[in-house]
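S.K.: Compute the structure for the input listed below.
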Amino acid sequence: MTKLDEQKLGTLLKESVPEPEPVRDLAEGARGLAVRNRRRRVLIGSAVVVAVVALVPAFVLSARAGGGHIGPTSTPPTHAVRTPVPTLCGRACDPGHVAQQIRRPLHLPTVSPGAACPVSPRRTFPGGAGFTGPFPALGNGPLHVAGLTRHGELPVGRDDRGWLNAKVIWVFGKQYGGPLLLRGDRIDGPGRLLFEHYLGAAAYPGSGSGTGPHRQLLYVRGGLHAAAPSALESEPDVLYVDGPGCYAVQADGVGFSEVLVFRVPGR
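M.R.: The predicted structure follows:
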């Protein structure tokens, strides 16, 4: 926006409003002065409107502009805020109906106290899902989890509520585009595994932060009848646990149920 300082405004006024002719009498002079004042007020008002109009696009562009350790060799992905639940596929995208259709009985493995934790296999993806380069993730698919160490450990910290928690990235494979229901628990002793309702989650409030912790996490994505995507997709999340141990996440989808296993190290 061009700054209209007093000198430029004065020049603009002089160019737009001609100098008055000599005053013939007081009445005529008063009428001329009133006309000139009205012209000046209109011109100043127009300049202000032009300045405001010039400012609006810059403000809109600024408002639209976009703006974790994920792994030892990866660059964290960036995520655009999406509408959590598609609105064009009716009942097939209704969160309650979707969760009911894909929910399976929990079939988490059990591990004896002190036994080795059967951590899920780890693979390296060449990129995609918001990552700018190769990144490692656990799981056989279609759900994978990034953000753990190469030994399958969740690098937790303690929050002010007493929970151990860590940010992770759920990576959705290209072979499946439908919904996923996530639940989990500790499998080598008593303990809880809970989830944040964050970006992309069916219950995400859209307020800039998630709500948690919760017992389950639902991603509706494209609904019950969604086709496979053409590329990897991902969503950020936070996992909460109440102590070290071996933990498992069960992911239920349309026609399948997958389990991911990882460790929370002692501190």
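
S.K.: And the helices in the protein, which stretches?
M.R.: Listed in chain order, the helices of the chain (DSSP state H) span residues 6-16, 26-64, 95-102.

S.K.: where in the stretch 151-267 of the chain is pLDDT low?
M.R.: 207, 267 (pLDDT under 70).

S.K.: Show me where the stretch 1-150 of the chain dips below the pLDDT cut-off.
M.R.: 1-88.

S.K.: Mind doing that once more with 90?
M.R.: When residues are selected by pLDDT under 90, those of the stretch 1-150 of the chain lie in 1-89, 114.

S.K.: All the strands of the stretch 151-267 of the chain, residue numbers only.
M.R.: 157-158, 164-172, 180-186, 193-197, 211-214, 216-219, 233-241, 245-253, 256-264 (DSSP state E, counting those that start in this stretch).

S.K.: wait, which of those is closest to Ala116?
M.R.: With Cβ to Cβ as the criterion, Ala116 lies closest to strand 245-253 of the strands of the stretch 151-267 of the chain, at 8.5 Å. To be clear about C-beta, it is placed using only N, CA and C from the backbone, and glycine gets the same treatment.

S.K.: Restrict the closest one to CA atoms and write it as PDB.
M.R.: Taking C-alpha atoms only, strand 245-253 is exported to PDB below (Å, rounded to 0.1, in the frame of the first residue of the first chain):
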ATOM      1  CA  GLY A 245       6.500 -51.300  29.400                       C
ATOM      2  CA  CYS A 246       5.400 -53.100  26.200                       C
ATOM      3  CA  TYR A 247       2.400 -51.600  24.400                       C
ATOM      4  CA  ALA A 248       0.200 -52.500  21.500                       C
ATOM      5  CA  VAL A 249      -2.200 -50.500  19.200                       C
ATOM      6  CA  GLN A 250      -5.000 -52.300  17.400                       C
ATOM      7  CA  ALA A 251      -6.100 -50.700  14.100                       C
ATOM      8  CA  ASP A 252      -9.500 -51.900  12.800                       C
ATOM      9  CA  GLY A 253     -10.500 -51.100   9.200                       C
END
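
S.K.: And that strand, what does it pack against?
M.R.: strand 143-146, strand 180-186, strand 193-197, strand 256-264 (3 or more Cβ pairs under 8 Å, 6 or more residues apart in numbering; DSSP states H and E).

S.K.: Domain ranges for this structure, per the record?
M.R.: Domain assignment for the chain by automatic domain parsing gives 6-64, 90-264.

S.K.: Can you add mean neighbour count and give those back as CSV?
M.R.: CSV is the format used below for the domains of the chain (neighbours: other Cβ atoms under 10 Å):
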stretch, mean neighbour count
domain 6-64, 11
domain 90-264, 18
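
S.K.: This completes my enquiry, with thanks.
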